[in-house]
Structure formats: C-alpha cells, structure tokens
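Asker: based on what follows, work out the 3D shape:
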Amino acid sequence: MDPSRKRRIRLGVALTAAVLLAGALMYTSFGASTKAETPSKLLSSAQPGRSYEVTGKVATGSVKRDGDTLRFAIRDRNGTAKIPVVYTGTVPDPFREGREVIVSGRVKSGVLIGERDSLVTKCPSKFTKAPQKS
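Answerer: Model (predicted):
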C-alpha cells in the first residue's frame, strides 16, 4: 500500500475517533445535569424516595444550628413559599439569611433532608442588576 494513502487513512481514523469522543463528552456533560426546583414546585409535586436539587433564598429568621446539624428554610426568589431543610456537612462561608443557595436532598414529611456536603451558596453579584449608564 502507498505510504501517503496509509497516512490519509490513519488521519481519517484519528479524526473520526476525536469527533466521536467529543460527541460523547458533550452528551454526558449536558445529559448528566439536573434542573433545580423551586420550593413551591417541590412542595406541590415531590415524590418520595427521589432526590431533588432545590434553589432559592435562605428565609429570614430560619437559620438554627444544633451541633453538626444546620436547620434553615429555603424560599422562592420572588415569593413566600418555603421548604424547611435539615442539613449536615460543610457550610460555605458566604452562607447567611437572604443568600441564594442550592442544596440536594430527599423530601420526607414536607422537609428536605439535605445530602451531606451538597450545599452551595451562589455569588450575589451575579444576580443583581447592573447599574444603568447615564
């Protein structure tokens, strides 16, 4: 077989493998993501035994620490619906009342039992309106 033809065949095989691997990476990246639920939606449609990711703001006056356990409530961004959370694990430094958070867990008797070390605090600067230029 001609050496230049061998090189073209190898190049074609290598490019095909690269495209297939890139496609598989994109599929797993987008396919593995889950949509975070709001407290109001979760309270109305939670199924027992299923894990959820919940997003919202930490309700004012709801944060209580009991040893290693953190109890708080997450409310809708622009509403009053809230779900109580019982969480054990690492608490991010910026965690506080009014801060937007995401936590994963299972709903049991109307309470979200957070998975250990699943609490994430969102950066508030990303969610404030930029000042308008005059």
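Asker: mind checking the pLDDT average for the helix ranked longest in the chain?
Answerer: Ranked by number of residues, the top helix in the chain under DSSP state H is helix 3-31. For helix 3-31, the mean per-residue pLDDT is 88.
Asker: so Val91 touches Arg71, yeah?
Answerer: No - counting by CB atoms under 8 Å, Val91 stays clear of Arg71, with 11.8 Å between them. C-beta here means a position set from N, CA and C on the backbone, and glycine is covered the same way.
Asker: just checking, next helix/strand downstream of the longest helix of the chain?
Answerer: Downstream of helix 3-31, the first helix or strand assigned by DSSP states H and E is helix 39-45.
Asker: what comes into contact with whichever helix or strand comes after that next one?
Answerer: Once helix 39-45 ends, the next helix or strand along the chain (criterion: DSSP H and E) is strand 51-58. For strand 51-58, contacts defined as CB atoms under 8 Å, 6 or more residues apart in numbering pick out 34-39, 42, 46, 72-77, 82-83, 85, 95-107, 112, 115, 122.
Asker: same question, stretch 78-97
Answerer: 38-40, 42-43, 54, 56, 58-63, 68-76, 101, 103, 105, 107, 110-121, 123-124.
Asker: out of the residues you listed, which sit inside helices?
Answerer: Those of these mapping onto helices are Pro39, Ser40, Leu42, Leu43, per DSSP H.
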